[in-house]
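>>> one predicted model, sequence on top.
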Amino acid sequence: MKEHTINIGAQVKRGSAELAILAVLADGPLHGYEISKRIERQSHGLLRFNLASLYPLLYRMEKRGWVSGNWEGPAGGRQRRYYRLGPAGKRRLVPLREEWGQLFRALHTLAGVNHA
Amino acid sequence: MPDWRAIARKRLGPLALEAKRQEEIVIELAGHLEDLYSDALRQGRSHTEALQSAFSAASDWDTLRREIESAVNEEGIMNYRVKTLWLPGACTIALSGIVLRLLQNPSAPSPHVFWLRQGPPLIVYWQWFACLPLVGAIGAYWSRRAGGKLLERALAVSFPVLGTMGLPMLILPFMLIFRWLVHRDALLVPSALLLLIWVVLPEAALLVGALPFFRGAADESRPAAASH
């Protein structure tokens, strides 16, 4: 029972993190640090990514073809790995937004019923 | 300014990934740490506080390493092993086998046969030995090109010996013991010569050819575009 609960928690956590990354990348290519700062800023500090939560997820998403990473930067200057939303990522973003919207509406409704 | 790449490389440790991918990840994580550090300095924090801010981004590097390996290898730890070990290894064992088979053809030059006082005659294909450095070079080059580390390259090169003689060499000690118990005669000299001709010399020949491709591992495959 405990393991099941933990698994659900991990899936929810990963799912929400995937949505956050795909959503910020929908506005344009960003490197890892920008992704973390953008998410933190747009969520008003509620969502924060560190190295352990950001990069493994980015690499997993890249492996699935949702995002693609390319080294870019001025010649002779600092190069950064910019991530772009791939076609598979764009396709994934639409149902993810919908699923999470439904989840929050359901939780809101549930909380309202409980409070009544 | 701290050497963020050295810090990230040291803390992350060796990853079970291709050398090129591993270096890219080190560079990327180092860049993230540097950004955190620089941002903290811009916000007026001291050098020590900025360092703490950067290091707070990853407190558990062992978990980070495992997570990254799991993520990158999600679809294929097998892919990496196949590319760097099994395919080059299959190539070396096939080439070695083909050459040996051709030399056993009646039209091929006769092998050297050593008749010993005891045991079966030893057949030596010198032409086979002469070809093995090239076979080893091909295997090591293939493995290195696929991102194989030194261990994968060495194993891929050794496939002809490990694949054909590995099992016989494991059985040999038991056969010698058995023979000693039954006949009081362990055939040590013929066994040693057999080992020399079918294991030591071929392995040495393969490694000689592979040697140039054992050098220049991660540095050569590091992405040129990913420099600070």
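Received, thanks. Numbers count the residues shown, from 1 in each chain, chains lettered A, B, ... in the order given.

>>> next, the contact list for the closest residue to residue B:116 other than its chain neighbours, please.
With sequence-adjacent residues excluded and distances taken as C-beta to C-beta, 6 or more residues apart in numbering or on different chains, residue B:116 is closest to residue B:190, at 5.3 Å. C-beta coordinates here come from the backbone N, C-alpha and C atoms, glycine included. Residues near residue B:190 by C-beta atoms under 8 Å, 6 or more residues apart in numbering or on different chains: B:116, B:118-120, B:122.

>>> could you grab the helix/strand/coil label for residue B:190?
Here residue B:190 is recorded as helix under DSSP: H, G, I helix; E, B strand; the rest coil.

>>> same check on residue A:81?
Applying three-state DSSP: residue A:81 is strand.

>>> beta partners of it?
Here residue A:81 shows beta-bridge partners residue A:71, assigned using DSSP bridges.

>>> which of the contacts of residue B:190 fall in strands?
residue B:122 (DSSP state E).

>>> need the contacts of residue B:190 in TSV (columns: neighbour count and pLDDT).
Formatted as TSV, the contacts of residue B:190 follow (neighbours: other C-beta atoms under 10 Å in any protein chain shown; pLDDT from 0 to 100):
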residue	neighbour count	pLDDT
B:116	13	73
B:118	11	70
B:119	16	69
B:120	10	73
B:122	17	80
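
>>> what's the most distant pair in the contacts of residue B:190?
B:118 and B:122 (11.3 Å; C-beta to C-beta).

>>> now the one helix or strand residue A:69 maps to - C-alpha only, PDB.
Residue A:69 is part of strand A:67-72 when elements are defined by DSSP states H and E. Extracted in PDB, the C-alpha atoms of strand A:67-72 (Å, rounded to 0.1, in the frame of the first residue of the first chain):
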ATOM      1  CA  VAL A  67      12.500  17.900 -26.800                       C
ATOM      2  CA  SER A  68      15.700  18.100 -28.600                       C
ATOM      3  CA  GLY A  69      18.900  19.600 -27.300                       C
ATOM      4  CA  ASN A  70      21.600  21.400 -29.300                       C
ATOM      5  CA  TRP A  71      24.800  23.200 -28.400                       C
ATOM      6  CA  GLU A  72      24.500  26.800 -29.400                       C
END
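
>>> right, and residue B:194 touches residue B:123 too?
No. Between residue B:194 and residue B:123 there is no contact under C-beta atoms under 8 Å: 10.3 Å.

>>> buried residues in stretch A:95-105?
Neighbour counts over stretch A:95-105 (16 or more other C-beta atoms under 10 Å in any protein chain shown) mark A:96, A:100 as buried.

>>> repeat for stretch B:140-150
Result for stretch B:140-150 [16+ other C-beta under 10 Å]: buried residues B:140-144, B:146-149.

>>> and which of these is nearest to chain A?
Taking C-beta to the nearest C-beta as the measure, chain A sits nearest to residue B:147 out of the buried residues of stretch B:140-150, at 15.8 Å.

>>> can you give me how far whichever helix in chain B runs longest is from the chain middle?
If you go by DSSP state H, chain B has its longest helix at helix B:150-183. Centre-to-centre, helix B:150-183 and its host chain are 19 Å apart (C-alpha atoms, centre = their mean, to the nearest Å).

>>> where do the helices sit along chain B?
Using DSSP H, helices in chain B cover B:4-12, B:19-42, B:47-55, B:61-72, B:77-81, B:87-103, B:126-145, B:150-183, B:188-195, B:201-210, B:218-221.

>>> now the last one: mean pLDDT?
Averaged across helix B:218-221, pLDDT comes to 38.

>>> what's near enough to touch residue B:172?
Contacts of residue B:172 (C-beta under 8 Å, 6+ apart): B:191, B:194-195.

>>> for the strand holding residue A:69, packing partners?
helix A:2-25, helix A:51-63, strand A:80-85 (3 or more C-beta pairs under 8 Å, 6 or more residues apart in numbering or on different chains; DSSP states H and E).

>>> what comes into contact with that strand?
A:21-22, A:25, A:58, A:61-62, A:79-86, A:89, B:24, B:223, B:225-226.

>>> ok, stretch A:90-102 next?
Against stretch A:90-102 from outside (C-beta under 8 Å, 6+ apart): A:15-16, A:18-19, A:22-23, A:26, A:66, A:85.

>>> gap between the lengthiest helix in chain A and the chain center?
Longest helix of chain A, by residue count under DSSP H: helix A:87-115. The chain centre lies 14 Å from the centre of helix A:87-115; the measure is C-alpha atoms, centre = their mean.

>>> got the angle for that helix vs helix A:51-63?
130 degrees (axes from the mean of the first three to the mean of the last three C-alpha atoms, to 10 degrees).

>>> about what we covered before: neighbour-wise, which of residue B:194 and residue B:123 wins?
residue B:194 (19 against 13; other C-beta atoms under 10 Å in any protein chain shown).

>>> that one: what's it in contact with?
Taking C-beta under 8 Å, 6+ apart as the test, what residue B:194 contacts is B:122, B:172.

>>> so which of the helices and strands packed on strand A:67-72 is nearest residue B:156?
The nearest among those, by C-beta to C-beta, is helix A:51-63 at 24.9 Å.

>>> and the closest one with helix B:61-72, angle?
10 degrees.

>>> for helix A:51-63, name the packing helices and strands.
Using 3+ C-beta pairs under 8 Å, 6+ apart, helix A:51-63 is in contact with helix A:2-25, helix A:32-42, strand A:67-72, helix B:19-42, helix B:61-72.
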